[in-house]
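Chemist: give me the fold of what follows.
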Amino acid sequence: MQIRRSKLVGVLCLILPALAFADGTRTWEQSKFEELIKGTPDSIAIDSTGGLELAPAFKPVATTPSTYLWSIASDLRGNLYAAAGSPARVYRITPDGKSTVILEPHELQVQALVVDKSGAIFAATNPDGKIYKIEHRNSVTKRESESQNTSSGPDWTSSVFSDPDSKYIWALAFDKDENLYAATGDPGEILRFTPQGKSSVFFKSDEANIRVLAFDAKGNLIAGSDGSGLIYRIAPNGEAFVLYSAPKKEITALAIAKDGSIYAAGDGEKHGAASSTTAGSMAISAATPGAGSQGSSTASGSAQPAVINLTAGVPGGSEIYRIAPNGAPARVWSSHEDLVYALAFNKEGCLLAGTGNRGHIFAINSPDQYTDLLKASASQVTGFSAGPEGGLYVSTSNLGKVFLLSAEPASQGSYQSDVFDARIFSRWGRAEFRGSGNVELFARSGNVDNPDRNWSAWKKVDLAKDALIPAPAARFVQWKAVLYSDGHAPQVESVALNYLPENVPPEFDEVTVQVGVRYQALPKAVGSDPSQQHFDVAPPVNHDKDSIGVKWIVHDDNDDQMVYSVYYRGDGQTRWLLLKDDLTDKFYSFDASLLPDGGYSIKVVASDAPSHSPGEALTAERESSRFEVDTTPPRIENLAASADGETIHVKFAAADGFSPIKRAEYSVDAGDWQYIEPVGQISDSKTESYDFRAGIPADPPSPVKPVEKTSSGNQIEHVVVVRVYDRYDNMSSAKTVIRGK
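Modeler: Numbers count the residues shown, from 1 in each chain. Got it, this is the predicted structure:
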């Protein structure tokens, strides 16, 4: 059993006394991230190095009628504002969760918003968007109280702060002097607005879109683009410098750490992807504020709803990069399944990543080490904003909700493992637990793979006593851990369940016999365990007419190591005779000459004895189909030949002790072989007679010297050769010499 090195301080390790399990006891252990991620956590975080701990408290604050929340921001009084789409609205959510609509523009959606020091809200809409300024009626004069083409709540008024030429407005940000900056697309620019509303182009890029904005402690504006995945640092005087060209196409989120490090998330394939104003991952029409393809739209006031598909993925997944204060970039996190939509820091300064399309929040602890913190009841986590008591507000899409992520862990959390299939009816032994703090362990079992279909009830495992698993014997099992916060952070490092499968006999799928085949043994790796080999490797085959090859397919649901014995029995016999035992390969070859000509069957017996105590082993056997062995050639009898004018008259008989005669051939004076039919023409008997005439070859042409004549002077010799084959291609031949004219 592999146990990862503990990262806990003061780990409580429950050392269990040895249990005298019978041979064949198995252990199901879960400790690694890829194992634990298959389970169902509730207020439980899963560390990428393995182990479980309590997640921060995460509670719903508000659920909106809008499907998508793209951006959130809070004011100094703790009120939260949410930019939404489908329908396009700005919501004001008070600390007690009361939600009010304060803006309903005619554009398709509200993409971004920020709140200034006075409490005024600035909201950007898409497409062909505008920037609206929303204020409480008590803070504006009657002259400023109405705006055109908008609808506000009874206590709020809105006005068009700016109507730029840009088609898209993706992000808004304030500098320390309350100048407002807007990231735009088509063209990819950054606009600056003074508190008095005077606008100017602060930065103009050659990218299709500027997607995200953030200010560092020195007042530099950090911007991320779509198209080439560039991260800019733009000084207050507008001088720009590319800090990093990311491997991804689009920068979807930014966060600035206290030490000046810049964290940026990127997604989308950079090479071969089109870079245009229909950016590959625009929030208005696709997967996230960064995943999909831009939908079509018309001018404000006559726009038709675009098809918004937040479930679509981006090829290549997401990555998070850290640009150190000295400018050195490094990748700190990546995922093929999760796309990053938002970045923020928690109270302890740990980087959090809001993702989709599974709605997870990850805490990035160090390069490639992270914690799967929690899963929201929505598909995408799209934004973070400062919340009360060091917590963070979290916005989601599909559905459009707002949650509060606390700075403190939940008081209680539970985790249900995935369902383990022992594949065979099994008895459960003891649980082995490694962890610390107040943790309770439970188990249940059943004989169907769905726990909701009449499984046993959850029963507590007494870790302080014998740790026996109080679940009835069954095929499937599951464990649950409940963690309690009582002043000490509870953690689970690993849980292992011991079990003993009911021994079942091996099962044969087939036994095949091939005459004329020899299987070549395969080399075995030193120290290999045949019981751990879950697939059969076909042995090399050599064609050898003097051999017989036997091969079988057998499996054992216990994955036991097996040995085999091979027997044979001839037609009419009642007793099986042993050919070979103690075989570990699933094939065997032997010389065909060991068996007299006749019909036979092979039986293979499989035993799981190597994996069980004496007396507890089980066997199975399987017979092959009948096969025939014939290694004896036929006989040629009564061969006679005579010259008859210009022909040779030949007679002979062929006989075989077991199989029918297949064919016969002749040759005169070493000429080509010629096929001959038996008397009666059909060759289907163990004895056949042949009677045929063959032409006498002409004298060979010069310069070959003719055969000398005999002393009589008028005769020459002719050699007649015949050969016959039985059904198994055993062959015999004979010859005779005649004299002809």
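
Chemist: hmm, residue 320 is touching residue 262, no?
Modeler: No: judged on C-beta atoms under 8 Å, residue 320 makes no contact with residue 262 at a distance of 11.0 Å. No exception for glycine: its C-beta is placed from N, CA and C like everyone else's.

Chemist: what's the neighbour count on residue 697?
Modeler: Close neighbours of residue 697, defined as other C-beta atoms under 10 Å, add up to 12.

Chemist: revised request: answer the last question for residue 621.
Modeler: 17.

Chemist: also residue 216?
Modeler: Other residues within reach of residue 216 by the criterion other C-beta under 10 Å amount to 16.

Chemist: ok, now which ones touch it?
Modeler: 222, 233, 256, 260, 262 (C-beta atoms under 8 Å, 6 or more residues apart in numbering).

Chemist: what phi and what psi does the backbone show at it?
Modeler: Backbone dihedrals for residue 216, given as degrees, to the nearest 10, come out at phi -90, psi 180.

Chemist: distance of it relative to residue 176?
Modeler: Using C-beta to C-beta, to the nearest Å, residue 216 is found at 11 Å from residue 176.

Chemist: with residue 570 instead?
Modeler: For residue 570 relative to residue 176 (C-beta to C-beta), the value is 101 Å.

Chemist: so between these two, which is more surrounded?
Modeler: residue 570 (14 against 9).

Chemist: ok so, going back, closest one of the contacts of residue 216 to residue 58?
Modeler: Using C-beta to C-beta, residue 256 comes nearest to residue 58 of the contacts of residue 216, at 24.7 Å.

Chemist: report the contact partners of that closest one.
Modeler: 214, 215, 216, 217, 222, 262, 263.

Chemist: export those to TSV and tack on distance to residue 598?
Modeler: Below are those laid out as TSV (distance: C-beta to C-beta, whole Å):
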residue	distance to residue 598
214	90
215	95
216	93
217	96
222	90
262	86
263	82
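
Chemist: from those, keep the buried residues only.
Modeler: 214, 215, 216, 222, 262, 263 (16 or more other C-beta atoms under 10 Å).

Chemist: for those residues, which two are the farthest from each other?
Modeler: Put simply, by C-beta to C-beta the two of the buried ones among the contacts of residue 256 set farthest apart are 215 and 263, 14.2 Å from each other.

Chemist: and the one helix or strand residue 72 maps to, which strands flank it?
Modeler: Element membership for residue 72, per DSSP states H and E: strand 68-74. Strand 68-74 pairs in its sheet with strand 80-85 (antiparallel), by DSSP bridges.

Chemist: CA atoms only for the partner strand, dumped as PDB, please.
Modeler: C-alpha atoms of strand 80-85 as PDB (Å, rounded to 0.1, in the frame of the first residue of the first chain):
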ATOM      1  CA  LEU A  80     -23.200  44.500  -3.900                       C
ATOM      2  CA  TYR A  81     -24.000  45.300  -7.500                       C
ATOM      3  CA  ALA A  82     -24.200  42.700 -10.200                       C
ATOM      4  CA  ALA A  83     -24.000  43.200 -14.000                       C
ATOM      5  CA  ALA A  84     -26.300  40.700 -15.700                       C
ATOM      6  CA  GLY A  85     -27.500  39.400 -19.100                       C
END
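
Chemist: renumber starting at 56 from here on
Modeler: In the new count, where the first residue is 56, that last one comes out as strand 135-140.

Chemist: now the angle from the very next helix or strand once past it to strand 123-129?
Modeler: Moving toward the C-terminus from strand 135-140, the next helix or strand (DSSP H and E) is strand 144-148. Using axes from the mean of the first three to the mean of the last three C-alpha atoms, to 10 degrees, the direction of strand 144-148 lies 40 degrees away from that of strand 123-129.

Chemist: can you tell me what sits against strand 144-148?
Modeler: Outside strand 144-148, the residues within contact range by C-beta under 8 Å, 6+ apart are 116-117, 119-121, 134-139, 154-159, 165, 168, 176, 178, 187, 189, 208, 211, 457.

Chemist: mind checking which of the residues you listed are buried?
Modeler: Applying 16+ other C-beta under 10 Å to those flags 116-117, 119, 121, 134-139, 154, 156-158, 165, 168, 176, 178, 187, 189, 208, 211, 457 as buried.

Chemist: from those residues, which land in strands?
Modeler: Those of the buried ones among the contacts of strand 144-148 mapping onto strands are 116-117, 135-139, 154, 156-158, 165, 168, 176, 178, 187, 189, 211, 457, per DSSP state E.

Chemist: number of nearby residues for residue 255?
Modeler: Neighbour count for residue 255, taken as other C-beta under 10 Å: 10.

Chemist: who's it bridged to?
Modeler: Beta-bridge partners of residue 255, as defined by DSSP bridges: residue 247.

Chemist: that one against residue 247, yeah?
Modeler: Yes: Residue 255 lies in contact with residue 247 (C-beta under 8 Å); the separation is 5.4 Å.

Chemist: can you pull out the helices in the chain?
Modeler: Along the chain, the stretches classed as helices by DSSP state H are 88-91.

Chemist: lowest confidence element among the helices and strands of it?
Modeler: Ranked by mean pLDDT, DSSP states H and E, the weakest helix or strand in the chain is strand 67-68, scoring a mean of 35.

Chemist: now do the residue lying closest to residue 260 once chain neighbours are set aside, the pLDDT please.
Modeler: Nearest in space to residue 260, with sequence neighbours left out and distances taken as C-beta to C-beta, 6 or more residues apart in numbering, is residue 243 at 4.6 Å. On the pLDDT scale, residue 243 is placed at 93.

Chemist: with residue 129 instead?
Modeler: The model reports residue 129 with a pLDDT of 93.

Chemist: burial check on it, number of neighbours?
Modeler: By the measure other C-beta under 10 Å, the count of residues near residue 129 is 18.

Chemist: surely residue 169 touches residue 235?
Modeler: Yes: between residue 169 and residue 235 a contact is recorded at 7.3 Å, counting by C-beta under 8 Å.

Chemist: mutual contacts of these two, please.
Modeler: Shared contacts of residue 169 and residue 235, defined by C-beta under 8 Å, 6+ apart, comprise 177, 227, 228, 229.

Chemist: would you turn those residues into a markdown table with distance to residue 535?
Modeler: Formatted as a markdown table, these follow (distance: C-beta to C-beta, whole Å):
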| residue | distance to residue 535 |
| --- | --- |
| 177 | 48 |
| 227 | 46 |
| 228 | 45 |
| 229 | 48 |
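
Chemist: biggest separation within those residues, which pair?
Modeler: For those, the farthest-apart pair by C-beta to C-beta is 177 and 228; their separation is 10.1 Å.
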